[in-house]
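Peer 1: Return a 3D structure for these sequence lines:
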Amino acid sequence: MIDVTDRHCRYFHRQLAPTARLYTEMITTGALLHGQAARHLDFDPAEHPVALQLGGSDPRELAQAAALGARWGYDEINLNCGCPSDRVQHGAFGACLMAEPRKVADCLRAIQDATSLPVTVKHRLGLDQEDSYAFVRDFVGIQYEAGCRVFIVHARNAILKGLSPKANREIPPLRPEWACSLKADFPDASIVLNGGLTEAADCLAWLSRLDGVMLGRAAWHHPDILSQLQRALDPHTPVPGPEETLDIMLAYLSRQHARKVPMPILVRGLLGWHAGVKGARQWRRILSDPGVLNRLGPLALREAWEALCRQARPDEAERPMSSAGQSRM
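Peer 2: Residues are numbered from 1 along each chain as shown. Sure, this is the predicted structure:
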């Protein structure tokens, strides 16, 4: 989720799901220790609870990066052992770390020594053509012995050679039942399912068997799934309606734009907000148009909203969506 779940996208997702746990994009230890840490770590207090997802394989560097995360106020440190990209493999971290479970355990212990925050792992089921449940069971077992109690399971293998990251999210077969097997083998661990979850109903079904679900691309392409799950799981927590969310985001965009954050970065997490609604193409077109963004700045969001409303209700062009229209959110 690099360049996807940045702080601006997370702020938007927080409006849709007030109690969800948010995760940063994967941030490498090198970027934090040898780059501009604040650029990667700064976030809005509204994002809590928010976890810092780290990429790295050196225990000492991971410990230093985790200590920075604790200093910045994150609620959790997550070690990524699931990303299969060539760039990540070249750095000897991500999914390829699953081939070295003892090294991962050393990394977790170093992070735990550096911070009192919860330390979690995101991982795949196996590597390449590995088709034995014993592989992931033993991997989890070694991390469990190292003190980890939360495992986010992307329930498919990672193919390290020959598949792009996109293909790695689609081609290796999903085996979500293996996550249930992990729960049976490690009953006091929290097992969170990731991968292939695109509908709220499916998420709710798995939540009856596991401790959580993690959404990545689904929340990016169809953010409304977050508000659907929030309302289903916690009906007593108010969720802002579309118009209120629009006003909140307009104010946020104005603050960030005043700090010289480019408009394309600020709005990219909003592009999928109205997917499936009549007028969604116009919404995306306006928010993707550099000319409109340069000319209107944050008010481009209002322009896109009004265009959406005109398309959705051509006979009531001046009226925003009513509560009947909100059921699509």
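
Peer 1: From Ala232, how far out is the residue nearest to Asp44 when sequence neighbours are not counted?
Peer 2: Once flanking residues are discounted, Asp44 sits nearest to Tyr11: 5.3 Å by C-beta to C-beta, 6 or more residues apart in numbering. Glycine gets a C-beta too; all of them are placed from N, C-alpha and C. According to C-beta to C-beta, to the nearest Å, Tyr11 and Ala232 sit 23 Å apart.

Peer 1: The two: which is more packed in?
Peer 2: Taking other C-beta atoms under 10 Å, Tyr11 and Ala232 do not tie; Tyr11 has more neighbours (21 against 13).

Peer 1: Quick one: find the helix or strand in the chain with the lowest mean pLDDT.
Peer 2: Among the helices and strands of the chain, helix 323-326 carries the lowest confidence by mean pLDDT, DSSP states H and E, at a mean of 31.

Peer 1: Run through the neighbouring helices and strands of the helix or strand hosting the residue nearest to Asp44.
Peer 2: Using DSSP states H and E, Tyr11 sits in helix 7-16. When contacts are defined as 3 or more C-beta pairs under 8 Å, 6 or more residues apart in numbering; DSSP states H and E, helix 7-16 packs onto strand 22-23, helix 224-233, helix 242-258.

Peer 1: try it again with 10 Å
Peer 2: If you count contacts as 3 or more C-beta pairs under 10 Å, 6 or more residues apart in numbering; DSSP states H and E, helix 7-16 packs onto strand 22-23, helix 37-41, strand 50-55, helix 217-221, helix 224-233, helix 242-258, helix 263-267.

Peer 1: In a markdown table: these, plus distance to Leu299.
Peer 2: Shown next, in a markdown table, are these (distance: least, C-beta to C-beta, whole Å):
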| stretch | distance to Leu299 |
| --- | --- |
| strand 22-23 | 27 |
| helix 37-41 | 26 |
| strand 50-55 | 28 |
| helix 217-221 | 24 |
| helix 224-233 | 23 |
| helix 242-258 | 8 |
| helix 263-267 | 10 |
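
Peer 1: looking at these, which is buried most?
Peer 2: Across the helices and strands packed on helix 7-16, averaging neighbours per residue (mean count of other C-beta atoms under 10 Å) puts strand 50-55 on top, at a mean of 25.

Peer 1: Parallel or antiparallel, list what pairs with that one.
Peer 2: Sheet pairing here is set by DSSP bridges, and for strand 50-55 it gives strand 22-23 (parallel), strand 27-28 (parallel), strand 76-81 (parallel).

Peer 1: what's the angle from the following helix or strand past that strand to strand 76-81?
Peer 2: Of the helices and strands lying after strand 50-55 in sequence (DSSP H and E), the nearest is helix 59-72. Angle, helix 59-72 to strand 76-81, by axes from the mean of the first three to the mean of the last three C-alpha atoms, to 10 degrees: 150 degrees.

Peer 1: What is helix 59-72 packed up against?
Peer 2: Under the contact definition 3+ C-beta pairs under 10 Å, 6+ apart, helix 59-72 sits against strand 27-28, helix 29-33, helix 37-41, strand 50-55, strand 76-81, helix 101-114.

Peer 1: Throw those into a markdown table and include distance to Pro173 and mean pLDDT, thanks.
Peer 2: Listed next are these as a markdown table, based on distance: least, C-beta to C-beta, whole Å; pLDDT from 0 to 100:
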| stretch | distance to Pro173 | mean pLDDT |
| --- | --- | --- |
| strand 27-28 | 29 | 95 |
| helix 29-33 | 32 | 96 |
| helix 37-41 | 34 | 95 |
| strand 50-55 | 25 | 97 |
| strand 76-81 | 20 | 97 |
| helix 101-114 | 23 | 98 |
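
Peer 1: Relative to Gln228, tell me which of these wins on proximity.
Peer 2: Closest of the helices and strands packed on helix 59-72 to Gln228 is strand 50-55, at 21.0 Å (criterion: C-beta to C-beta).

Peer 1: Thank you, goodbye.
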